[in-house]
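Trainee: the sequence and its predicted three-dimensional model are supplied below.
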Amino acid sequence: TRELEIEVACGITATAQKKGKYKLGEGITGRVVSTGEPVIVPRIGEEPLFLNRTGIRSNEEKKKSSFICVPIKVTFENSEQKVFTQDIHSQPDNLSIGALSVDRYYEKEFGLQSEQDLRFLTIVSALIAQAVHRVQVINREKEALQQENQRLRRELSAKNRLNDIIGNSSRMQEVFEMAHRVADSNATVLLRGESGTGKSLVAKALHHNSRRADKPFLVVNCSALPENLLESELFGHERGAFTGAEQRKKGRFEQAEGGTLFLDEIGEISTTVQIKLLNVIQERCFQRLGGTEIIKADIRLVAATNRNLEEAVLEGVFREDLYYRLNVFPVHLPPLRERRTDILLLAEYFLEQFCKENNKRIERISTTAIDLLIKYHWPGNVRELQNCMERAVLICDSNTISSVHLPPTLQSSETVSTDSPLSLAGAVESFERELIIDALKHTNGNQTKAAARLETSLRIINYKIHNYGIDPKQFKVKS
């Protein structure tokens, strides 16, 4: 505040204490803090700079009272901490942040007594400064930790993680950031990416993290319905609108009133439906099939496609004006092969999920199995990985998912990015290495216990560990 206030005082009422406020350079106290130099006033009543803001000293007391004031100086470690004190007197290494003062009865031996008092107060002020400095350092560290904690919580929160979407890769962080920015708006979102990348999960997360979360979230798979049924599904129909329309039916646009409508595989709809959909997006109203009533559509539209809409526009199978209406806020979901750092994270998530569903206790995924998961190109993306892990859990009878539990497609030379097939010696080495690592994990990095677990000698284990470049220390659990 650049204003001095009394922090603590002896023999002063709370009301008087509140009155004791000084600007920098104002009065004796303000001058001490501003200059960084102590001041001794032999007689308060004879000093015009003494303001007596608290009003606790009578005229008689001021005549027989002395005043000693010393600065409280704190040592700062960097220039950034001095930014708020540009106009306060400061040396290269220390800075006045306050003052310590006392009243003394004036005595004839004032000169000698005042020097002793000055030395004493200077020592006390140094102790106060050290305490203040420690408190400031702790507060800064707490503030930094709180900010870091809040940042991490935001990253790991449901809003940023978008509920069930797993991923820590830079590509997924971009998706989270984009989705987080648009979630609470009414803008039309176009989710683009290959099949199995999680477009429906992102659409659901956009709805649940928006102000429409308490309203309906409806999904329409545009590729699963023929043209006439899709039109009726979206806009509804009146009784007798077509053969078989025996009663009025509300369409998804009506049912999703106030909420979100997710149109999956939007690139597959016919030209006729494209025209009607364009009118709804532009005018925010529509008519049921066979009806004349104008119905307003208060919905948030999210669309998804795995097609190249730009090529579809050039080929004339997708309307250009609808493309621009849908492409207000595009979000690209990367294929799994472009976010390989997320593969193990997803695999462990699915492992835990399917173990609970099937009442199984599988603790880990083996090193060789992890290698196969990482090297595979995943044409089916996250959906394929999910199916792969479900299969592995179902056929695994041990506490570890091994390479033999993975589908054959992951183990064929055509689908693994390796230049040469694994030789017999290489396969034996890989198997031995996996067994040793597994034993070290169970024994907390203890090689003797690992040897006993594998029913072999410590000498052989040491030789294998050295030969395979395994570091037992990394398996020690830190207490």
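Mentor: Nice, I can see it. Quick caveat: nothing in here was measured; it's all calculated off a predicted structure. Numbers count the residues shown, from 1 in each chain.

Trainee: and the pLDDT at A304?
Mentor: Predicted confidence (pLDDT) for A304: 95.

Trainee: bridged to it, which residues?
Mentor: For A304, the beta-bridge partners under DSSP bridges are L191.

Trainee: so how far is N186 from it?
Mentor: From A304 across to N186, the span is 18 Å (Cβ to Cβ, to the nearest Å). Just so you know, the C-beta spots here come from the backbone N, C-alpha and C atoms, and that holds for glycine as well.

Trainee: more neighbours: which of those two?
Mentor: Using other Cβ atoms under 10 Å as the criterion, A304 and N186 rank with A304 on top: 25 against 12.

Trainee: quick check: the more buried one touching L261?
Mentor: No. With contacts counted by Cβ atoms under 8 Å, A304 stays clear of L261, the gap being 11.8 Å.

Trainee: residue ranges with poor pLDDT in this structure?
Mentor: Within the chain, the segments meeting pLDDT under 70 span 1, 76-94, 108-112, 150-164, 412-423, 426-427, 477-479.

Trainee: any idea how it splits into domains?
Mentor: 3-140, 170-334, 340-415, 423-478 (the TED database).

Trainee: out of those, nearest to Q146?
Mentor: Minimum separation from Q146 across these (Cβ to Cβ) falls at domain 3-140, 10.2 Å.

Trainee: and that closest one, end to end?
Mentor: 21 Å (Cα to Cα, to the nearest Å).

Trainee: residue contacts, E61?
Mentor: With contact set as Cβ atoms under 8 Å, 6 or more residues apart in numbering, E61 has these partners: I44.

Trainee: actually, D117.
Mentor: D117 is in contact with 68, 102, 104, counting by Cβ under 8 Å, 6+ apart.

Trainee: and it, what element?
Mentor: Using DSSP states H and E, the element containing D117 is helix 110-156.

Trainee: go on, F350?
Mentor: In the assignment (DSSP H and E), F350 maps to helix 343-357.

Trainee: again, but for P379
Mentor: Using DSSP H and E, no helix or strand contains P379.

Trainee: I'd say K62 and I44 touch.
Mentor: Yes. K62 lies in contact with I44 (Cβ under 8 Å); the separation is 4.4 Å.

Trainee: any common contacting residues for these two?
Mentor: 50, 52.

Trainee: these two: which has the busier surroundings?
Mentor: Of the pair K62 and I44, I44 is the one with more neighbours under other Cβ under 10 Å, namely 21 against 17.

Trainee: now the helices: where do they sit in the stretch 301-450 of the chain?
Mentor: Assigned helices in the stretch 301-450 of the chain, in chain order: 309-315, 320-326, 343-357, 367-375, 381-395, 424-442, 447-453 (criterion: DSSP state H, counting those that start in this stretch).

Trainee: need the contact list for I437.
Mentor: For I437, the residues meeting the contact criterion (Cβ under 8 Å, 6+ apart) are 367, 470, 475.

Trainee: state the distance from it to R453.
Mentor: 12 Å.

Trainee: give me the contact list for stretch 320-334.
Mentor: 169, 171-172, 175, 178-179, 182, 185, 187-194, 197-199, 202, 266, 274, 277-278, 281-282, 301, 303, 309-310, 313.

Trainee: ugh, wrong one, stretch 199-207
Mentor: Contacts of stretch 199-207 (Cβ under 8 Å, 6+ apart): 162-165, 175, 179, 182-183, 189, 191-193, 213, 217, 219, 259-260, 262, 264, 300, 302, 304, 306, 331, 333.

Trainee: and that stretch, what's buried?
Mentor: Going by neighbour count (16 or more other Cβ atoms under 10 Å), the buried part of stretch 199-207 is 199, 201-207.

Trainee: and if you look at stretch 217-232?
Mentor: Neighbour counts over stretch 217-232 (16+ other Cβ under 10 Å) mark 217-220, 222, 225, 230-232 as buried.

Trainee: list the contacts of that stretch.
Mentor: Stretch 217-232 has contacts (Cβ under 8 Å, 6+ apart) with 200, 203-204, 207-208, 233-234, 241-242, 245, 249, 251-252, 255-256, 259-266, 268-270, 272-273, 276, 289.
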